[in-house]
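# A predicted structure for the sequence below; I have some questions about it.
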Amino acid sequence: MSTTLEMERSSTQPVVDYEETALTLGLPGVSRAGGWDQQERKRGFSETVHLLDGSSGIEPRGGEDLGDESPDCAASGADRRRASKERVVGWPPVRSHRKNALRGCTYVKVAVDGAPYLRKVDLETYSGYHHLLTALHEMFSCFTIRDRRLVDPVKGTDYVPTYEDKDGDWMLVGDVPWK
Amino acid sequence: MPAGGGWAAMFPDEVWEHVFSFLAADGDRNAVSLVCRGWHSIERRSRRRIFVGNCYAVAPAVAVRRFPNVRVVSIKGKPHFADFNLVPSDWGGRADAWIAAMAEGWPLLEELHLKRMVVTDECLELIARSFKNFRVLALSFCEGVSTAGLAAIAANCRNLRELDLQETVVEENCVHWLSHFPESSTSLVNLSIASLEEDVNLAVLEHLVSRCTNLKTLKLNYAVPLDRLVNLLRRAPQLANLGTGRFTAEYRPELFSKLESAFASCKSMKSLSGICEAVPEYLPAIYPICDGLTSLNLCDAPVNGASLTKLVSRCKNLQRLWVMDVIEDDGLAAVASSCKLLQELRVLPCDPYGADPVSLTEHGLVTVSAGCSMLRSVLYFCRQMTNAALFAVARSSPDLTCFRLCIIDPHTPDYVTQEPLDAGFSAIVESCKDLRRLSVSGLLTDNVFRSVGASADRLEMLSIAFAGDSDAGLHYILSGCKSLRKLEIRDCPFGDKALLANAAKLETMRSLWMSSCFVSLGACRSLAQKMPLLNVEVMDEKKRGGSWDSQPDDCPVEKLYVYRTVAGRRSDTPPCVWTL
């Protein structure tokens, strides 16, 4: 049901080594021992999605990437287990055929590569893509908006808004009509 | 004792009829009709209400012929699991044949209650034409009608008291159907249209509500905005049961105070539902009626727990509370301390597919059970459970009649001990002697079913999913559970042996549903052959028009529905269903 918006680095800029300024990502309260360190710096968005989507019930692609998690990261392990379960027909036994029931579930998670935590936004409160991007700009205020992209003023790298649809594919924001 | 008809001839028929009129329960009337031919004859002519739990259990014409003077009829169609999309959409449950038979045999019919049936506009038009005293149309969980059919009912049923469309899917092709209630129509007592998704003409609705001064129940749909709710409440301050439309709007102090005073003028309000997508700012407008509320349904209000808690804490006389898990354990603790008269609690998941941590755990249930000594009925969705919690519930709520627990992830064990939840559910059935309905979930072995079979003497309906280890589990249930009427099972390793060993039991029950279990076609064929009074239906949605006859005995049966019937095979099975 939930989708995730993610900012993806556009590929034209050279990769800058910013180790000193690197912010680490992870679930709150999860200890970062052992094998995690190797992953953090090089973590691209796909792994970010898996770690953070672990709690949203979406089946991750390539879940094996997280193979060398440390043993005491029980929380993320459990989330991964939940995430890798496919949705079973008619389970849990709740009726949700009505539009109304779905109306409330318009919250999506927004993750920005390099930001220390995610935000959740209610799509219903925005009237269009521009409105949404402006709001996201306010939330992740270290970036500015140019065209339909967020731009990091320090590095000049473009961030392109993408989202994961219900098939698990990453889509560029803006193609589908807002409604 | 006088022989033959002499027994009944002691008194004139009217006297017996008068005596029988004090027997409300169908079971009692059925028993009376078995005493002698005289009583059978008097009873059947004087029966005014019948309940048909399975529309295929008896042929419509037979029912109509036996009870010629029925005024009120209730009929149920599809199996319960149809609510969760497990039953093929074309399975059946059509109301046509029933309504046609009733139109011919019961011209004085007053009330029709249909549940999980396929009703068409033609049915509604036939109803509108055939029954001059028609008063109540209640369609719950039905489908197939459109607002054009509703228009026919509105226009022609002069004395219509109730139009209740609870959870019924309606095709909305006739925008002005409400206008078909004539000006002279003032008899409505119940208008429940919450399942309609499109706009209704609000001016027409307001006028209808104004002139129906006996209106007690009004359930609006999402399309009715908050400001128009004010108008409606002002026109119907006598309402006892209200379902609001959407309860969200930009906060405006003057709208708030109008809403609050509209509620304040409703001195008879007992039940409140709807409150769709409530925003916290407007919830306090409801406070004036909280004290009088006995029933509150907040399942469409995904508001934060704190706001819900504030609202519910004021409802000291609540007997029924339906709410979403966003109320959290803290909210349920407030319920436990404020709502001492609570009898029924339902907690539904706001986000069933997400696994976002919600602070609703087994503790909420335990607290309500401990604090509300009148608790009788529970439906509880959560993500974790312990045997200890279930022991506590069994101890503090021994008078439960309905206990339905749904732990959202299948096979979830006791999260503290990692053990199955057998012990916990066993405690429930052993302690709650009056338990009539039970749904189990979590990690469960065959052992729990041994307890259920042995202890649950009054159990009438049992729902099982993702549980058990072997046929033994099913055998324990079918060889025990003296009062079992309905059994529905999905995704359990139950199979042929238990089914065939307990074939006779199935004739004492209304129905059995098994899907994604280990049942083979051969066993179903044997069962059908052994038990001529059962319809054994196998379903496979991939099969369209292919012949079931040619399938081998070891072919697995994906969906099985067995029910007792005196009507024989039904003639309206779709291609994916085969009656063996």
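On my side now, so go ahead.
# measure the residue of the stretch 201-350 of chain B found nearest chain A to residue B:276 for me?
Here the stretch 201-350 of chain B gets closest to chain A at one residue, residue B:302, 4.5 Å apart by C-beta to the nearest C-beta. From N, CA and C alone the C-beta is placed, and that goes for glycine too. Distance from residue B:302 to residue B:276, counting by C-beta to C-beta, to the nearest Å: 10 Å.
# do the same with residue B:168
From residue B:168 to residue B:276 the distance is 17 Å (C-beta to C-beta).
# And for residue B:94?
32 Å.
# before we move on, the earlier item: I'd say the residue of the stretch 201-350 of chain B closest to chain A and residue B:358 touch.
No. Using C-beta atoms under 8 Å, residue B:302 is not in contact with residue B:358, being 11.1 Å away.
# what's the closest non-adjacent residue to whichever residue of chain A sits closest to chain B?
Chain A approaches chain B most closely through residue A:90 (3.3 Å), counting by C-beta to the nearest C-beta. The shortest distance from residue A:90 to any non-neighbouring residue, by C-beta to C-beta, 6 or more residues apart in numbering or on different chains, is to residue B:84 (3.3 Å).
# Now stretch B:257-264: buried residues?
Burial within stretch B:257-264, assessed by neighbour count using 16 or more other C-beta atoms under 10 Å in any protein chain shown, is assigned to B:258, B:259, B:260, B:262, B:263.
# got JSON lines for the residues you listed, with distance to residue B:345 too?
Below are the buried residues of stretch B:257-264 laid out as JSON lines (distance: C-beta to C-beta, whole Å):
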{"residue": "B:258", "distance to residue B:345": "33"}
{"residue": "B:259", "distance to residue B:345": "27"}
{"residue": "B:260", "distance to residue B:345": "28"}
{"residue": "B:262", "distance to residue B:345": "29"}
{"residue": "B:263", "distance to residue B:345": "24"}
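# Mind checking which of residue B:302 and residue B:276 has more residues around it?
Legend: neighbour count by other C-beta atoms under 10 Å in any protein chain shown for residue B:302 and residue B:276, higher for residue B:276 (25 against 20).
# quick one, what contacts that one?
Residue B:276 makes contact with A:100, A:103, B:222, B:244, B:245, B:246, B:247, B:248, B:300, B:301 under the criterion C-beta atoms under 8 Å, 6 or more residues apart in numbering or on different chains.
# Could you measure from the third one over to residue B:246?
What that stands for is residue B:222. Taken as C-beta to C-beta, the span from residue B:222 to residue B:246 is 5 Å.
# Over to residue B:259?
To residue B:246, residue B:259 is 13 Å away according to C-beta to C-beta.
# Find residues that contact each of these two.
The contact sets of residue B:259 and residue B:246 overlap at residue B:226 (C-beta under 8 Å, 6+ apart).
# Can you pull the poorly scored residue ranges out of the chain?
Since no chain was named, I'll use chain A. For chain A, the stretches flagged by pLDDT under 70 are A:1-86, A:96-131, A:137-160, A:165-168, A:175-179.
# let's do chain B instead
Ranges of chain B meeting pLDDT under 70: B:1-8, B:355, B:543-546.
# what does it put close to chain A?
Contact residues, chain B versus chain A (C-beta under 8 Å from any C-beta of the partner chain): B:81, B:83-86, B:167, B:169, B:195, B:197, B:222, B:276-277, B:300, B:302, B:348-357, B:381, B:406, B:408-410, B:465, B:490-491.
# From those residues, list just the buried residues.
Neighbour-count burial (16+ other C-beta under 10 Å) applied to the residues of chain B next to chain A gives B:81, B:83-84, B:86, B:167, B:169, B:195, B:222, B:276-277, B:300, B:302, B:348-355, B:381, B:406, B:408-410, B:465, B:490-491.
# And the next helix or strand past the one helix or strand residue B:307 maps to?
Here residue B:307 sits within helix B:305-313, counting by DSSP states H and E. Downstream of helix B:305-313, the first helix or strand assigned by DSSP H and E is strand B:320-324.
# Please enumerate the shared neighbours of residue B:302 and residue B:358.
B:326, B:350.
# For residue B:419, grab the count of nearby residues.
14.
# wait, it sits on residue B:413?
Yes. Taking C-beta under 8 Å as the definition, residue B:419 is a contact partner of residue B:413 at 5.9 Å.
# which residues do those two both contact?
Common neighbours of residue B:419 and residue B:413 (C-beta under 8 Å, 6+ apart) are residue B:443.
# pretty sure residue B:538 is in a helix, no?
No. Per DSSP: H, G, I helix; E, B strand; the rest coil, residue B:538 lies outside any helix segment and is strand.
# Quick check: bridge partners of it?
With DSSP bridges as the criterion, residue B:538 is bridged to residue B:560, residue B:578.
# count of residues packed around it?
If we define neighbours as other C-beta under 10 Å, then residue B:538 has 24 of them.
# got the contact list for residue B:106?
Neighbour list for residue B:106: B:64, B:68, B:69, B:70, B:71, B:73, B:131 [criterion: C-beta under 8 Å, 6+ apart].
# Which members of the residues you listed occur in strands, if any?
In this view, those that belong to strands under DSSP state E are residue B:73.
# can you tell me the residue of chain B closest to chain A?
residue B:84 (3.3 Å).
# Sheet-wise, list the partners of the stretch of helix or strand residue B:345 belongs to with their directions.
Element membership of residue B:345 [criterion: DSSP H and E] is strand B:344-348. Next to strand B:344-348 in the sheet, as set by DSSP bridges, lie strand B:320-324 (parallel), strand B:377-382 (parallel).
# now those in CSV, with distance to residue B:143?
Formatted as CSV, those follow (distance: least, C-beta to C-beta, whole Å):
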stretch, distance to residue B:143
strand B:320-324, 23
strand B:377-382, 23
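# List the contacts of the residue nearest to residue B:526 when sequence neighbours are not counted.
Nearest residue to residue B:526, sequence neighbours excluded (C-beta to C-beta, 6+ apart): residue B:500, at 5.9 Å. With contact taken as C-beta under 8 Å, 6+ apart, residue B:500 is in contact with B:523, B:526, B:527, B:530.
# What about the third one, how many residues nearby?
Look at residue B:527: counted by other C-beta under 10 Å, it has 21 neighbours.
# wait, it sits on residue B:497?
No. Under the criterion of C-beta under 8 Å, residue B:527 is not in contact with residue B:497, lying 11.8 Å apart.
# Okay, now stretch B:60-79: how far is its last residue from its first?
Terminal residues of stretch B:60-79 lie 19 Å apart, using C-alpha to C-alpha, to the nearest Å.
# next one: stretch B:188-201
Termini of stretch B:188-201 sit 17 Å apart (C-alpha to C-alpha).
# roughly how far out does that stretch sit from the chain middle?
Computed by C-alpha atoms, centre = their mean, to the nearest Å, the chain-centroid distance of stretch B:188-201 equals 20 Å.
# likewise stretch B:352-365?
Its chain's C-alpha centre and that of stretch B:352-365 lie 25 Å apart, by C-alpha atoms, centre = their mean.
# repeat for stretch B:317-335
Counting by C-alpha atoms, centre = their mean, stretch B:317-335 comes out at 21 Å from the chain centroid.
# what do you get for stretch B:533-544?
That offset, for stretch B:533-544, works out to 24 Å (C-alpha atoms, centre = their mean).
# Enumerate the positions of that stretch that are buried.
Buried positions in stretch B:533-544, judged by neighbour count with 16+ other C-beta under 10 Å: B:534, B:535, B:536, B:537, B:538, B:539, B:540, B:541, B:543.
# Greatest separation within these: which pair is it?
Using C-beta to C-beta, the buried residues of stretch B:533-544 reach their maximum pairwise distance at B:534 and B:541, which is 22.5 Å.
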